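In: Show me how the following folds:
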Amino acid sequence: MWQPQIDDHVRLTQDIPERSLHRGDVGVVRSIWCSPTCFFEVEFQVGETECQTRALLREGQFEAHEEHEEAVLA
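Out: Modelled structure (predicted):
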């Protein structure tokens, strides 16, 4: 089973409206917080601007991005 690591590309599996993030958005894992529960800080490029949005996500809120999955399977 795939375990997210820092710098992995991930894709949201659900909307996060309070951050203006939508299912299918792709981001990069920037940090992992594991006390007492694991959370992943993921950075997203929102729209075509230079702005980034970070969100703390639990496993199940994202999955490996296809490009990452292909690299792991190769």
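In: Residues touching stretch 30-49, excluding its own?
Out: For stretch 30-49, the external contacting residues (C-beta atoms under 8 Å, 6 or more residues apart in numbering) are 4-6, 10, 19-21, 25-29, 51-59, 62. The C-beta positions use only the backbone N, C-alpha and C, and glycine is treated the same way.
In: swap in stretch 61-68?
Out: In contact with stretch 61-68 (C-beta under 8 Å, 6+ apart) are residues 2, 4, 8-14, 16, 26-27, 40, 42, 72.
In: Could you give the number of residues near residue 7?
Out: Per other C-beta atoms under 10 Å, the neighbour tally for residue 7 reads 9.
In: Low-confidence bits of this protein, can you list those?
Out: 1, 49, 67-74 (pLDDT under 70).
In: What segments of the chain are strands?
Out: Using DSSP state E, the strands of the chain run over residues 9-12, 26-34, 38-45, 52-57, 62-64.
In: Name the residues of the shortest one that are buried.
Out: Buried positions in strand 62-64, judged by neighbour count with 16 or more other C-beta atoms under 10 Å: 62, 64.
In: That strand: partners in the sheet, and parallel or antiparallel?
Out: strand 9-12 (antiparallel) (DSSP bridges).
In: Would you mind listing which of the contacts of stretch 30-49 are buried?
Out: Here, 16+ other C-beta under 10 Å leaves 4, 10, 19, 21, 25-29, 53, 55, 57, 62 buried among the contacts of stretch 30-49.
In: Now for residue 65, how many residues are close by?
Out: Residue 65 has 16 nearby residues by other C-beta under 10 Å.
In: Please tell me how far the residue lying closest to it once chain neighbours are set aside sits from residue 54.
Out: Closest residue in space to residue 65, ignoring its immediate chain neighbours: residue 9 at 3.9 Å, by C-beta to C-beta, 6 or more residues apart in numbering. Distance of residue 9 to residue 54, computed by C-beta to C-beta, to the nearest Å: 15 Å.
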